[in-house]
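# Provided below for reference: sequence and predicted model.
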Amino acid sequence: MSHENMNLTLKVWRQKNTQTSGKFVTYKAEGISPDMSFLEMLDVVNESLIKKQEDPIHFDHDCREGICGSCSLYINGRPHGPKRAITTCQLHMRSFNDGETVTIEPWRSTAFPVIKDLATDRSAFDRIQQAGGFISVNTGGVPDANSTPIPKVVADEAFNSATCIGCGACVAACKNASAMLFTSAKITQLGLLPQGQPERWSRVQAMVRQMDEEGFGNCTNTGACEAECPKEITLMNISRMNNDFFSAKLFREEHTHDHSGNG
Amino acid sequence: MSEFKQTFNSSLGKKLIMALTGLFLCTFLIVHVGGNLLLFKHDDGFAFNSYANFLTHFPPIEVIAYLLYFFIILHSVYALVLTIKNRRARPVGYAVTTKSPTSWSSKNMGLLGSILLLFIVIHMGDFWFTYKYKDILPFKEYRTNLATNQTTASEYKPEVPTFERSISTENNVEIVRVKDLHSRIQWSFSHLWYVVFYVIAMVAVSFHLLHGFQSAFKTLGWVHKKYDGIVSFIGTWLFAVIIPLLFALMPIIYYFQSLNK
Ligand code: SF4
Ligand code: FES
């Protein structure tokens, strides 16, 4: 690992908009510090493009500290690049070698159409969330903070699921472009807790239905999602979702099936 | 759409069908390999032929057999439907193929399954169809001396073309006359290419079940730390090692026996 600045060749997917088809364009990234993040490296390249009056490379980013889930990028065959359990904004250039060619692609999925270059429209996730990823809380007196006991193991599991940042790396990594890891994490984080019980059976049905409508693929338990998830969400969530879904569909009262919003 | 239809049209409903039919086929393999162990007996096919005769003439087994064919078709059709949907979910592929750490078998279930489907068609055509619907199989007569329990085998030419089987006892000798599927097996497995094809198919069974058995449990949501170890142990050792190995040994041993004749 060198501390010298490095030069890289980038093969970047450029696409004008959703309607047009894109192509790869090769750029030089020169004088890159190994301490830069991957996004900072792209900033450097973009500045040089702007100076040359060329269109800068579009990519999503926001927090740049691994918590918002905006940054994406499929780097050399892996979402969020070669390292485990981090987002692209947390990826440093020291993970690459001087002179290396780096191929950068957008998430590829019918449900995530490319907006421009590397930026994709991930609002399908928002719609899945809106379909049932909430709990109803009545107004009234403020309840006592610890009035509902929750076993620590259960709380831990729910919080683990709740760390999903909705980045979509699971979809990007999956050979079937399935969104089941994301959807199941969002279902599990509520389904495990007492506050999530009233809507538990309708939630799972509504969210799975929305997921299907968005055109995601079907899980084959290959586990690429789990391996690439920056928050290490596990396949266990998918099993929990399946269990709740089958239970809701096959063994629950009919009327519990249609009280979440649009039925 | 009715509730039921809706369930099985959803992504998870289709996966449920894959898992349940898959597990049913897994259980069938245990029975199938168990019965076929009779092929390892050195008795001129007496036990095996009697067993084959029993299977084809016992009504409950007939029913289960048709259920089995139906499940094979269902499993294949749903696999095809799901694969087509999955392709549609990513119309533009990646330029750099995935480097995510995943098992080879889980990524090649379609390929492995296609090999298996081809195998099943040929396998059934060769033994099951020949046994039931073609009149080309010879008959064998087994005479067991009930006092000494010794069995001798000989060819048997039925007097009427519709002859199926017969069991009778004469002077303390039990005479069993049945279709000789065993000879058909000996003949089939004396061809090297056929043996190779069977062995390849069993390798496919091994890899298909290495992923499939455990995957079915995940799909059903039957996952718990307490049982994961057992499920993966059974999925690996029983379904991906022992069963395919026993099946593969049958053509291999019969091939070598044919060389010694
Ligand atoms: S499950 Fe993981 S990979 Fe998928 S959206 Fe959530 S954080 Fe991203
Ligand atoms: S920019 Fe927010 S997670 Fe990377």
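In hand now; what should we look at? Ligands and ions are numbered 1, 2, ... in the order given.
# Please, where are all the helices along chain A?
Under the criterion DSSP state H, helices of chain A are mapped to A:38-51, A:123-132, A:152-162, A:169-173, A:180-191, A:200-213, A:224-228, A:236-251.
# Tell me how the chain divides into domains.
No chain was given, so I picked chain A. Taking automatic domain parsing as the criterion, chain A consists of the domains A:6-115, A:123-258.
# my bad, chain B
Taken from automatic domain parsing, chain B resolves into B:2-136+B:180-259, B:138-179.
# Averaged pLDDT, the longest one. What do you get?
In this model, domain B:2-136+B:180-259 carries a mean pLDDT of 93.
# does that domain come close to ligand 1?
No. Domain B:2-136+B:180-259 lies out of reach of ligand 1 by C-beta under 6 Å from any ligand atom, never closer than 11.4 Å. For glycine as for every other residue, the C-beta is placed from the backbone atoms N, C-alpha and C.
# That domain: end-to-end distance?
Across domain B:2-136+B:180-259, the straight-line distance between its terminal residues is 61 Å, by C-alpha to C-alpha, to the nearest Å.
# ok, now stretch B:118-130?
Using C-alpha to C-alpha, the end-to-end distance of stretch B:118-130 comes to 17 Å.
# Could you work out which of the domains of chain A reaches nearest to residue B:64?
Nearest of the domains of chain A to residue B:64, taken as C-beta to C-beta: domain A:123-258 at 23.9 Å.
# Spatially, what comes nearest to residue A:252 if we skip its sequence neighbours?
What sits nearest to residue A:252 in space, not counting adjacent residues and going by C-beta to C-beta, 6 or more residues apart in numbering or on different chains, is residue A:201, at 5.0 Å.
# Surely that neighbour and residue A:250 touch.
No. Residue A:201 is beyond contact range of residue A:250, at 11.0 Å (criterion: C-beta atoms under 8 Å).
# And whichever residue of chain A sits closest to chain B, how close does it get to residue A:251?
Chain B sits closest to residue A:243 of chain A, with a gap of 2.8 Å, by C-beta to the nearest C-beta. Counting by C-beta to C-beta, to the nearest Å, the gap between residue A:243 and residue A:251 amounts to 11 Å.
# Neighbour count: the two, which is higher?
The residue with more neighbours, out of residue A:243 and residue A:251 and counting by other C-beta atoms under 10 Å in any protein chain shown, is residue A:243; that gives 17 against 8.
# wait, the more buried one sits on residue B:219?
No. Proximity of residue A:243 to residue B:219 does not meet the contact threshold set by C-beta under 8 Å, at 9.9 Å.
# which residue of the chain sits farthest from its center?
By default, I'm working from chain A. What lies farthest from the middle of chain A is residue A:141; by C-alpha atoms, centre = their mean that is 36.7 Å.
# ah, I was thinking of chain B
The outermost residue of chain B, judged by C-alpha distance from the chain's mean C-alpha position using C-alpha atoms, centre = their mean, is residue B:171 at 40.0 Å.
# how close does the residue nearest to residue A:252 get to ligand 1?
To ligand 1, residue A:201 is 22 Å away according to C-beta to the nearest ligand atom, to the nearest Å.
# Kindly report the same for residue B:146.
Noted for residue B:146: a distance of 69 Å to ligand 1, by C-beta to the nearest ligand atom.
# Now for that residue: which residues touch it?
Residues in contact with residue B:146, defined by C-beta atoms under 8 Å, 6 or more residues apart in numbering or on different chains, are B:169, B:172, B:173, B:174.
# one more time with 10 Å
Going by C-beta atoms under 10 Å, 6 or more residues apart in numbering or on different chains, residue B:146 touches B:169, B:171, B:172, B:173, B:174.
# and residue B:7, what helix or strand is that in?
Using DSSP states H and E, the element containing residue B:7 is helix B:3-9.
# Helix or strand next in line after that helix, which one?
Downstream of helix B:3-9 (by DSSP H and E), the next one is helix B:11-36.
# the inter-axis angle of that following helix versus helix A:200-213?
Angle between the axes of helix B:11-36 and helix A:200-213 is 90 degrees (criterion: axes from the mean of the first three to the mean of the last three C-alpha atoms, to 10 degrees).
# And the pLDDT at residue 177?
Since you didn't name a chain, this refers to chain A. For residue A:177, the model assigns a pLDDT of 97.
# if you could check chain B rather than the one you did, that'd help
Per-residue confidence for residue B:177 comes out at a pLDDT of 89.
# Enumerate every residue touching the closest residue to residue A:234 other than its chain neighbours.
Residue nearest to residue A:234 in three dimensions, not counting chain neighbours: residue A:226, with 5.6 Å by C-beta to C-beta, 6+ apart. Listed by C-beta under 10 Å, 6+ apart, the contact set of residue A:226 reads A:170, A:173, A:181, A:232-238, B:100-102.
# can you rerun that using 8 Å?
Each residue near residue A:226 by C-beta under 8 Å, 6+ apart is listed here: A:170, A:181, A:232, A:233, A:234, A:235.
# neighbour-wise, which of those residues leads?
Of all the contacts of residue A:226, the most densely surrounded is residue A:170 (31 neighbours; neighbours counted as other C-beta under 10 Å).
# ok and the residue in the stretch 1-150 of chain A nearest ligand 1?
With C-beta to the nearest ligand atom as the measure, residue A:69 is the residue of the stretch 1-150 of chain A nearest to ligand 1, at 6.1 Å.
# ok, that residue to residue B:11 distance?
Using C-beta to C-beta, residue A:69 is found at 23 Å from residue B:11.
# Check residue B:140 too.
If you measure residue B:140 against residue B:11 using C-beta to C-beta, the figure is 52 Å.
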